[in-house]
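Engineer: here is the input, now give the coordinates:
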Amino acid sequence: MSRPSIEIRVDDLSGAPTQALITLHLAGMHDTSPPESVHALDLDGLRHPSITFWSAWIGGELAGIGALKAIDEQRGELKSMRTDDRFRGFGVGRALLRHIVDAARGRGMTSLWLETGTPDDFVPAQRLYESEGFVVCGPFEGYREDPFSVFMTREI
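Structural biologist: Next up is the predicted model:
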């Protein structure tokens, strides 16, 4: 069986499906981690000029989201990676991740960084990032050691 076609586009965060998935993403972060360990951005945070936000669509339905925050000209941070539960296993997360890596490379960035959780719910995300060349590193750019966080990076 072939995978469905995934359309990825820059998203202005104004659509109800996008806003609902961001709300679900934030709720999930708060369900699995204490408040001081939640680093996901809300809608206002994602509207910052240093952030480009994308949404992935399958058959006209929102399938996932992801963002790239410019730390500086050389480094970017992955933010708000989330696949809608209905589309898990369809390759949405990998497609978004590869799209963001390509966008960062196109902007002249040389490395990407991310923070993700350590609870069991985050193991699939950790495996995805590892399979795409990310390696565990220490905290970066204002983060601190936290038992609920794992930090990863890769050169691009």
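
Engineer: which residues sit against the longest helix seen in the chain?
Structural biologist: Longest helix in the chain, counting residues (DSSP state H): helix 16-32. Helix 16-32 is contacted from outside by 11, 13, 38-40, 42-43, 46, 55, 61-62, 64-65, 80, 82, 84, 117, 119, 121-122, 148, using C-beta atoms under 8 Å, 6 or more residues apart in numbering. In this view, the C-beta of every residue, glycine as well, is placed from N, C-alpha and C.

Engineer: filter those to the buried ones?
Structural biologist: Among those, those classed as buried by 16 or more other C-beta atoms under 10 Å are 11, 13, 38-40, 46, 55, 62, 64-65, 80, 82, 84, 117, 122, 148.

Engineer: among the residues you listed, name the ones in strands.
Structural biologist: Residues of those located in strands (DSSP state E): 55, 62, 64-65, 80, 82, 117.

Engineer: out of those residues, which comes closest to residue 108?
Structural biologist: Nearest to residue 108 among those, counting by C-beta to C-beta, is residue 80 at 22.5 Å.

Engineer: ok, now which ones touch the closest one?
Structural biologist: Counting by C-beta under 8 Å, 6+ apart, residue 80 touches 22, 25, 40-41, 46, 53, 65-67.

Engineer: got the buried residues for the lowest-mean-pLDDT helix or strand in the chain?
Structural biologist: The weakest-scoring helix or strand in the chain, judged by mean pLDDT, DSSP states H and E, is helix 16-32 (a mean of 93). Neighbour-count burial for helix 16-32 flags 17-18, 21-22, 25-26, 28-29, 32 (criterion: 16+ other C-beta under 10 Å).
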